[in-house]
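> Below is the sequence, then the predicted model.
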Amino acid sequence: MGTTDEKHLELIETIFNRFLIQTQSDNPQLSRDYFERFTQLLNQTFQKYPQLKSSIETIILSIILPF
């Protein structure tokens with residue numbers, strides 16, 4: 001995995017974490033904004049870097065399984 005791949009994974013993880021944090025806030029618009037950004041980034045990444053799909057799934061599962 002190259003540096004670009006790692007940066008994409010880190011960005012996806014960061015945005016997903018922010019989305020989860022915002023779902024707990026009193027600002028639903030901000031939560032929707034993060035979710036939209038996350039899904040856009042995820043779709044773009046899957047199209048450009050299909051080899052990252054498994055790594056992304058692993059990251060997301062590791063974040064949401066405790067919930």
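Thanks, I have it.

> Tell me where this structure has helices.
For the chain, the helices defined by DSSP state H cover 3-22, 28-48, 53-64.

> any chance of these in JSON lines, plus mean pLDDT and mean neighbour count?
For the C-beta atoms, the positions are set from N, CA and C on the backbone; glycine is no exception. Output for these, formatted as JSON lines (pLDDT from 0 to 100; neighbours: other CB atoms under 10 Å):
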{"stretch": "helix 3-22", "mean pLDDT": "83", "mean neighbour count": "15"}
{"stretch": "helix 28-48", "mean pLDDT": "85", "mean neighbour count": "14"}
{"stretch": "helix 53-64", "mean pLDDT": "86", "mean neighbour count": "13"}
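
> could you measure L65 against K48, distance?
Taking CB to CB, to the nearest Å as the measure, L65 falls 27 Å from K48.

> Same question for L20.
From L20 over to K48 (counting by CB to CB), the distance is 24 Å.

> before we move on, what about H8?
Relative to K48, and taking CB to CB, H8 is found at 8 Å.

> R18 too?
R18 is 22 Å from K48, by CB to CB.

> Same question for L41.
L41 sits 11 Å away from K48, going by CB to CB.

> Kindly report the same for F19.
According to CB to CB, F19 stands 21 Å off from K48.

> do T14 as well
Taking CB to CB, one finds T14 at 18 Å from K48.

> And for I15?
For I15, the distance to K48 - CB to CB - is 16 Å.

> Same check on D5?
According to CB to CB, D5 and K48 sit 10 Å apart.

> got it, and T58?
Taken as CB to CB, the span from T58 to K48 is 19 Å.
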